[in-house]
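K.L.:
A predicted structure for the sequence below; I have some questions about it.
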Amino acid sequence: MKPVLLVTGASRGIGRAVAELAAARGWAVALNYARDERAAAALVERLRAAGAETAAFRADVADDAAVVRLFATVDAHFGAGPDGRSRLRGLVNNAGVVDVAARVDEMDAARLQRMFAVNVFGSFACAREAVRRLSTRHGGAGGAIVNVSSAAARLGSPGQYVDYAAAKAAIDTFTLGLAREVAAEGVRVNAVRPGIIETDIHASGGQPDRARELAPQLPMQRAGTADEVARSIVWLLSDEASYVTGAVLDVAGGR
Ligand code: NAP
């Protein structure tokens, strides 16, 4: 029976690339998305055609009650393992949002609430539900969590989105603290910090050409791909990374 991996924000971009690679590497994959049901359904269809065990689950990770329901629904869908325990063995906290470029003195409360609700509280809530299933303290069989931070956490993103950068810096510290909290309970917790990656997130921040425009200024003189980030994430989830916990891995082409 395949172990189950839950990937939040899997309808496109980095989350979709993680789902595709993880399915190819033998995970059963639970795909979470917020709005784009059609994209999630298309991914499910494609992965199933390639022989994967997968399904899509709509939930806003910023809604704590919805996160609790999401994990319960994933458990119910995939069923228990032969030992009667949840089959969940992995979580990728990937769902994330940016906003349009603004200075801090232009940011209203609604923007700040959403930025931290999705990027920080959503990751906490999902990790909490995962630890309740994975940790030996709760009768679980162990597993791994990978949080998706951003190079913005160490750059600060002045004049762009300091709110996003600060939220991702919280994810770095969350990763370190949770990793140490559950290290003796069979659960590894790591983060990746992507640099400029070619996905739709830039369009959602009002800068659709951001990756292409910034490419010449980057050390490797190109943006990264979602697939390149996915390879690091799937490695951190795997037994190949069995002694890696509390790590924050830059996948940023030297940025
Ligand atoms: P993306 O293309 O914009 O995709 C975001 C995904 O998150 C979508 O599947 C979206 O689902 C989902 N999502 C958004 N809000 C959600 C919510 N409240 N609940 C559940 N799902 C939600 O983004 P991406 O570039 O792949 O980014 C993925 C992660 O990498 C994010 O955490 C981002 O901060 C981080 N990152 C990206 C870059 C980059 O350059 N691309 C760099 C550093 C870090 P719907 O489409 O259904 O709304």
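P.N.:
Good, I have the coordinates.
K.L.:
once you drop chain neighbours, what's closest to A66?
P.N.:
Nearest residue to A66, sequence neighbours excluded (CB to CB, 6 or more residues apart in numbering): A59, at 4.5 Å. The C-beta positions use only the backbone N, C-alpha and C, and glycine is treated the same way.
K.L.:
residues in contact with the one you found?
P.N.:
Neighbouring residues of A59 by CB atoms under 8 Å, 6 or more residues apart in numbering: 32, 34, 66-67, 69-70.
K.L.:
nearest to the ligand, of the residues you listed?
P.N.:
Here the nearest of the contacts of A59 to the ligand, counting by CB to the nearest ligand atom, is A34; it sits at 3.5 Å.
K.L.:
burial of the closest one, as a residue count?
P.N.:
A34 has 20 neighbours, counted by other CB atoms under 10 Å.
K.L.:
for it, phi and psi?
P.N.:
phi -100, psi -50 (degrees, to the nearest 10).
K.L.:
can you start the count at 48 instead of 1 from here on
P.N.:
In the new numbering, first residue 48, that becomes A81.
K.L.:
hang on, the earlier thing: so which of the contacts of A106 are also by the ligand?
P.N.:
If you filter the contacts of A106 for contact with the ligand, counting by CB under 6 Å from any ligand atom, you are left with 79, 81.
K.L.:
mind giving me TSV with the contacts of A106 and columns for secondary structure?
P.N.:
TSV is the format used below for the contacts of A106 (DSSP: H, G, I helix; E, B strand; the rest coil):
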residue	secondary structure
N79	strand
A81	coil
A113	helix
V114	helix
R116	helix
L117	helix
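K.L.:
out of the contacts of A106, who has the most neighbours?
P.N.:
N79 (29 neighbours).
K.L.:
so it is in contact with T55, correct?
P.N.:
Yes. N79 lies in contact with T55 (CB atoms under 8 Å); the separation is 4.4 Å.
K.L.:
residues that sit against both of those two, list them.
P.N.:
108, 142.
K.L.:
same list (the contacts of A106) but as a markdown table, adding pLDDT.
P.N.:
Converted to a markdown table, the contacts of A106 look like this (pLDDT from 0 to 100):
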| residue | pLDDT |
| --- | --- |
| N79 | 98 |
| A81 | 98 |
| A113 | 98 |
| V114 | 99 |
| R116 | 98 |
| L117 | 98 |
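K.L.:
list the contacts for E84?
P.N.:
Counted by CB under 8 Å, 6+ apart, E84 has contacts 103, 105.
K.L.:
any idea how far it lies from L90?
P.N.:
For E84, the distance to L90 equals 11 Å [CB to CB, to the nearest Å].
K.L.:
overlap in contacts, the two.
P.N.:
A103.
K.L.:
excluding covalently adjacent residues, which one is nearest to A97?
P.N.:
Nearest residue to A97 in three dimensions, chain neighbours excluded: A70, at 7.0 Å (CB to CB, 6+ apart).
K.L.:
could you find the closest non-adjacent residue to L159?
P.N.:
D210 is the one closest to L159 (CB to CB, 6+ apart), at 5.7 Å.
K.L.:
go through the top helix by length along the chain and flag the buried ones.
P.N.:
Across the chain, the longest stretch assigned as helix under DSSP state H is helix 209-229. Neighbour-count burial for helix 209-229 flags 209-219, 221-223, 225-226, 229 (criterion: 16 or more other CB atoms under 10 Å).
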